[in-house]
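>>> Okay, predicted coordinates and the sequence, questions at the end:
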2 protein chains.
Amino acid sequence: MNTPENKLNLANERHLARMQLKKAVVDASINAAQTTRGLLLINTGNGKGKSTAAFGLLARSLGHGMKAVVVQFIKGRSDTGEEAFFRNAENLTWHVMGDGFTWETQDAERDKQSARAAWLLVCDYLQDETIDLIILDEFTYALKYQWLTIEEVTTALESRPIMQHVVVTGRAAPDALIAIADTVSEINLVKHAFKDGVQAMPGIEW
Amino acid sequence: MNTPENKLNLANERHLARMQLKKAVVDASINAAQTTRGLLLINTGNGKGKSTAAFGLLARSLGHGMKAVVVQFIKGRSDTGEEAFFRNAENLTWHVMGDGFTWETQDAERDKQSARAAWLLVCDYLQDETIDLIILDEFTYALKYQWLTIEEVTTALESRPIMQHVVVTGRAAPDALIAIADTVSEINLVKHAFKDGVQAMPGIEW
């Protein structure tokens, strides 16, 4: 009979059948994934959260006892919450290179020298098998402003230790970098408080 | 004269002029932003990094000495790097509610009860002025599966303390939630290692 109770039972049965099907599909994909290797991840796009997601990944990696390095190519400000929080973390080295966004420094030659110095440091880490994760924060600007060539960057990334993960953040990741990446997330802005006149809030923006 | 040196000087002057203009535009926007208030942020979309970005924000907030709460509505696994890393952080309370994705548990009624228990807890925090940041991780599923109504959720969020920040993560955030949010980032997948047969790697996926 078509009682409310019967309807509920039927709905529950349908839910169960649908979820069993979904579980089978998800399990099959998980079983098909067999390779393990160090990944190149890119967080790009115009939205908020590219660096923030990289710092979340950093917490996750450190939680697994992994050894990590952060190299920030553009120093936005010196009092960020992330740097304060991670400063004393074990297994982590944090480098802030550069002097700010290039429209703040207004000195193209100095910016280029800062970026090249940062890159030399990165090249050492990209040869070091003891480093499990390298975060290259705001790195795409170094390519955009041609402080580094895409060829030297892709060559160094592709010859890194096989199990080493690298995360690159920044707007407008070039196609040649996306081509060699394993996972690329594009973060787009749907809405931003800043546009409604809200100040950059500590703990949220910096 | 059109010597290489003159060309370089001209290029540098143009760079300086362009950057001065850019700085003026950026500074004007910053000066126009005057309000301070607690923000509602949403990380949505089908890409990787929604929860990860929220955990990066958590690190940032804790670095500023803020008091934070994480409520995970869906417990994916019990050995995540983020939970291990943040477990002993000061000023942080971490709740894992729920028993896994609904296609894993295959029990609609139990999932609903878990979600409602988590929501009651959240409602208390949403009345507590001493909490600076609340992260509602994988929260949109609770709306998608109608474990909670959008009305009760928006009402509770809108009556929270004025300086309290809330971050909601999960796919397919409903329009009514986006309507009351301050900042919404949509994270889309351009490319994912999983599709190339790479296993979920510790420190990256969990």
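Okay, I see it. Residues are numbered from 1 along each chain as shown, chains lettered A, B, ... in the order given.

>>> how many neighbours does the nearest residue to residue A:180 once chain neighbours are set aside have?
Distances taken as C-beta to C-beta, 6 or more residues apart in numbering or on different chains place residue A:154 nearest to residue A:180, at 5.6 Å, with adjacent residues excluded. All C-beta spots, glycine's among them, are computed from the backbone N, C-alpha and C. Look at residue A:154: counted by other C-beta atoms under 10 Å in any protein chain shown, it has 16 neighbours.

>>> Secondary structure element holding residue A:154?
helix A:150-158 (DSSP states H and E).

>>> Now do that helix, average pLDDT.
For helix A:150-158, mean pLDDT is 96.

>>> could you dump it to CSV, C-alpha only?
Listed next in CSV are the C-alpha coordinates belonging to helix A:150-158 (Å, rounded to 0.1, in the frame of the first residue of the first chain):
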residue,chain,number,x,y,z
ILE,A,150,60.1,28.9,-18.6
GLU,A,151,62.7,26.5,-20.0
GLU,A,152,65.1,26.7,-16.9
VAL,A,153,62.1,26.3,-14.6
THR,A,154,60.5,23.2,-16.3
THR,A,155,64.0,21.6,-16.7
ALA,A,156,64.8,22.0,-13.0
LEU,A,157,61.3,20.8,-11.9
GLU,A,158,61.4,17.7,-14.2
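
>>> Which positions within that helix qualify as buried?
Of the residues in helix A:150-158, A:153-154, A:156-157 count as buried by neighbour count, 16 or more other C-beta atoms under 10 Å in any protein chain shown.

>>> who does the helix or strand following that helix touch, helix- and strand-wise?
As assigned by DSSP H and E, the chain's next helix or strand after helix A:150-158 is strand A:165-169. Packing contacts for strand A:165-169, counted by 3 or more C-beta pairs under 8 Å, 6 or more residues apart in numbering or on different chains; DSSP states H and E, involve strand A:40-44, helix A:50-63, strand A:133-137.

>>> Following the chain onward from the second one, which element is next?
Which is helix A:50-63. Following helix A:50-63 in sequence, per DSSP H and E, is strand A:68-72.

>>> Is chain B within reach of that following strand?
No - using C-beta under 8 Å from any C-beta of the partner chain, strand A:68-72 stays clear of chain B, coming no nearer than 8.6 Å.

>>> Would you mind identifying the next helix or strand past that strand?
Next element after strand A:68-72 (DSSP H and E): helix A:81-86.

>>> any idea which helix or strand comes after that following helix?
That would be, after helix A:81-86 and using DSSP H and E, strand A:92-96.

>>> Can you list the strands that that next one pairs with?
The strands beside strand A:92-96 in its sheet (DSSP bridges) come out as strand A:68-72 (parallel).

>>> if you average pLDDT over the partner strand, what comes out?
95.

>>> one step back: quick check: which of the helices and strands packed on strand A:165-169 is nearest to residue A:88?
helix A:50-63 (11.5 Å; C-beta to C-beta).

>>> Show me what that closest one is packed up against.
For helix A:50-63, the packing partners by 3+ C-beta pairs under 8 Å, 6+ apart are strand A:40-44, strand A:68-72, helix A:81-86, strand A:133-137, strand A:165-169, strand A:183-191, helix B:50-63, helix B:81-86.

>>> about what we covered before: pull the most distant pair out of the buried residues of helix A:150-158.
A:154 and A:156 (7.5 Å).
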